[in-house]
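Chemist: Here is the input, now give the coordinates:
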Amino acid sequence: MKISPEKVAGIARLARLDLDQDKLELFAGQVGDILDYMDKLGELDTDAVEPMYSPVAHTTVLRKDEVRKDYRREEVLANAPEQDGQFFIVPRIV
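Modeler: So this is what the prediction gives:
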């Protein structure tokens, strides 16, 4: 599919990009090549292919969401610039 530099300039304007003429011509050719390849992929028969999210099997690496107490209040407050022994003291924001 042939993409004109004017079409690329319109897309660049929407993306708020300022491209000079040589870049517009370069990108027009590249976008055209990408669209040609997509057309070629669209010709493939994928009826027997099962849809998938990813070609790689993923396992959950997240920990279980369990309530636990890792630190004591004193340990957490020890690094605070200001605290009253129970809470952080922060500047008032109004």
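
Chemist: lowest-confidence helix or strand of the chain?
Modeler: helix 73-77 (a mean of 90; mean pLDDT, DSSP states H and E).

Chemist: Can you give me the buried ones in that one?
Modeler: Leu77 (16 or more other CB atoms under 10 Å). All C-beta spots, glycine's among them, are computed from the backbone N, C-alpha and C.

Chemist: for stretch 78-93, same thing?
Modeler: Within stretch 78-93, the residues that count as buried by 16+ other CB under 10 Å are Gln83.

Chemist: Show me how far the biggest helix by length in the chain is from its chain's centre.
Modeler: Longest helix in the chain, counting residues (DSSP state H): helix 21-42. Computed by CA atoms, centre = their mean, to the nearest Å, the chain-centroid distance of helix 21-42 equals 23 Å.

Chemist: Quick one: mean pLDDT for that helix?
Modeler: Averaged over helix 21-42, pLDDT sits at 95.

Chemist: Next, the buried residues of it.
Modeler: Neighbour count says helix 21-42 has Leu24, Phe27, Ala28, Val31, Gly32 buried, by 16+ other CB under 10 Å.

Chemist: Same check on stretch 4-13?
Modeler: Going by neighbour count (16+ other CB under 10 Å), the buried part of stretch 4-13 is Pro5, Val8, Ala9, Ile11, Ala12.
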